[in-house]
Every structure is written in structure tokens, then in C-alpha cells.
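Asks: 3D, please:
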Amino acid sequence: MLDFAGKRWWYLAPSIAIFIVAAVILAIPPHLEAGIEFTSGSSFTLAFEQEVKQEDLRGAMADLGHGEARIQGAGTNEFLIHTSVLEGAPSLGSAEGPVQSGEIDQIQASLGEKFGPVTRKDFSTVSSTISTEIARNATFAVIAASLAILVYISLAFRHLHKPWLFGTAAVIALLHDAVVILGLFSLLGKWFGTQVDTGFITALLTVIGFSVHDTIVVFDRIREKVTHDPFIPFTEAVNASLTETLARSINTSFVVVLTVVAMLLIGGVTIRNFLLVLLIGIVSGTYSSIGIASQFVVAWENDDMGKFFRRLTGRKEEPGAELEPA
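Replies: Residues are numbered from 1 along each chain as shown. Here you go, the predicted model:
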């Protein structure tokens, strides 16, 4: 049986370091490169028949009065372009008459004159009111999911000593995963202009569910051990539970990672952020369920932080103090 609990700080210390680094990166402006769903604007994809460099296209957009345009490669001679809200954007039209020409048509025509034939594959515009509502709802969804998980796990493990501790540990583990993802996307946004969109939020909620599911499997095994033998040392129950579930967790995550990597290689640009969040989150979530959630519970039960601060302040341990069984 592997001694996970005895070496808990081997797992917790790197996690804390990664969490702090991700939080610092996220705190450095610009924090996240938001897509048009969270900042009003227009988005469209252009496909050129001839080779076009991204720098040349950015310069051409600046000449057209859109120096704020964010341009991402979306394939061979294809580019995903985000701009401020374009005036006179075309409506869906009707059978009674032609679709009214808008600013996007002027941009397309000008780029066609400079770079050759160009095809617009899609076009969408989000107003400031809608973007604010989406951002608010996305934030609420993440917070509500976290609180629901805390309440559910606390109720599910209510027969154990300190059931709230298991719920708190699960939320801390998913918070670790979320901050790692946000920190990495903040870094990618600063370097490559990678944007956060509604697909990102969907993937983040999926990762939260995956991480908590893995954590509950371990916690449930701990509950079985403690219920079957109330006098078993808590660290021993944790070690046995993690040893029994380790292969299952790694194998399940490995299969999912292979699938996500395959989709990243063959999928389109529209789902790239979604898949990237899944890839990072599944790897982080698998680790956090093993190396963070359970280890946090053990560290709390053993009063590791209290002992650490008592050593710093020179206070002595109280004699005869015993841990309560989990």
C-alpha cells in the first residue's frame, strides 16, 4: 500500500506553488482575453484563395479603421477576426427583398481588392447588453456549481466526522483546477491572443464535474473504510482508498485525454478552446482528486498548519492531544 497521506506535502507543496504562479499570471493585466460573448463586438471568418500573412491582414484592417481587430489563424489562409461592433451589419434578410449591405461587406470588398478573392464563412455581432448578461450568468453558473457541490458532498458524508471538511476539500480541489486553467489561458491570451468564450465556460463547468466525480469516488471509498472499521487510523484509510482507486482514475483520465488530443488534432478552430480547457482540466483534475482533496483532509485532521505556526512562534505542542477519528 502506497503511503500517500504520510507524504502529503510532496503532493500539496507543488500544487500550492502552481496555484500561486497561476494566480499571479492571472492578476497581471490584461487578465484574460475575452471573446465577443463577454465584450461587445463583431466576429467573422474570412478564407482567402491566395496566401495571406497574418501581419499583412492586420495592417490592412488598421488601414480600414479597425486597428483594434484581433486576428487568429483558423486554417490554411483562413482567419478568425474580431472587431468592434460593425455598423450596418447585414440582417438575416427576407424573401421580400435582398439583404442590406453593411460595413462587413465593405471590409470584405476592400480586402478582396488587396489580397485577391475572399469568402466570408460566418458573421456574428454581440451587443454590450447581451455580453454583460452572458458574463454575469457565466459567473453565477460557476459560483452556483461550487456551492451546490459543497452542500451535496457535506450531506452525502453527513454520517462521518466533520462532513463539511470533505465538501470544502472538494471545492478547494476544483478551485485549484479552475485557477490553473484561468492562469494558463491568461498566459496564452498575453502571448497568442487566445480568447475566453462561452465554450470556455462550458468546458470549465465540465472539468469541475469531472474533478468532483473523481474526488467523490475516493471519498466514498474512505467512507467505506471508516464505516466498516471505526478504529482504523484515518491516514491508513486514506492510503488504502487512494491505492485502490489510483489505477481506475489514471486509466479513465488517460482514455479521455487520448480522445481530446485526437479531437484537437483534427477538430476545427471553433472548438479548440473547449478542447484545450478539457485537456488541461482533466489532467489537473485527476491530480487534484489524488494529491489535493484527500491530502487536504488529512492535513486538516492532523492540524498541519497549526503545528507549522506553533513552530514559527516557538509554542510547544499540548501534551496528550489526540486526533479525533474521521
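Asks: so which strand or helix has H82?
Replies: Following DSSP states H and E, one finds H82 within strand 78-83.
Asks: Only the buried residues of the helix or strand just after that strand, if you could.
Replies: With elements assigned by DSSP H and E, the helix or strand that comes after strand 78-83 is helix 103-115. For helix 103-115, the neighbour count (16 or more other CB atoms under 10 Å) marks 103-105, 107-108, 111, 115 as buried. Any C-beta I mention is one placed from the backbone N, CA and C, and that applies to glycine too.
Asks: got it, and stretch 204-211?
Replies: 204-208, 210-211.
Asks: And stretch 138-151, by the same measure?
Replies: Under 16+ other CB under 10 Å, the buried positions of stretch 138-151 are 138, 142, 145-146, 149-150.
Asks: Contacts for it, please.
Replies: 38, 164, 167-168, 170-171, 174-175, 178, 198, 201, 204-205, 208-209, 212 (CB atoms under 8 Å, 6 or more residues apart in numbering).
Asks: Need the CA coordinates for it. PDB is fine.
Replies: Extracted C-alpha coordinates of stretch 138-151, given in PDB (Å, rounded to 0.1, in the frame of the first residue of the first chain):
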ATOM      1  CA  ALA A 138     -21.400  32.600 -16.600                       C
ATOM      2  CA  THR A 139     -20.000  33.800 -13.300                       C
ATOM      3  CA  PHE A 140     -23.200  32.900 -11.500                       C
ATOM      4  CA  ALA A 141     -23.100  29.400 -13.000                       C
ATOM      5  CA  VAL A 142     -19.600  28.700 -11.800                       C
ATOM      6  CA  ILE A 143     -20.300  30.000  -8.200                       C
ATOM      7  CA  ALA A 144     -23.600  28.100  -8.000                       C
ATOM      8  CA  ALA A 145     -22.000  24.900  -9.100                       C
ATOM      9  CA  SER A 146     -19.300  25.200  -6.500                       C
ATOM     10  CA  LEU A 147     -21.800  25.900  -3.700                       C
ATOM     11  CA  ALA A 148     -24.000  23.000  -4.800                       C
ATOM     12  CA  ILE A 149     -21.100  20.700  -4.800                       C
ATOM     13  CA  LEU A 150     -20.100  21.800  -1.200                       C
ATOM     14  CA  VAL A 151     -23.700  21.300   0.000                       C
END
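Asks: Show me what the mean pLDDT comes to for that stretch.
Replies: Mean pLDDT, computed over stretch 138-151, is 81.
Asks: As a check, name the ranges of all strands in the stretch 1-150 of the chain.
Replies: Secondary structure of the stretch 1-150 of the chain (DSSP state E, counting those that start in this stretch): strands located at 41-48, 70-75, 78-83, 118-126.
Asks: among those, which gets the worst mean confidence?
Replies: Mean pLDDT is lowest for strand 70-75 out of these, coming in at a mean of 79.
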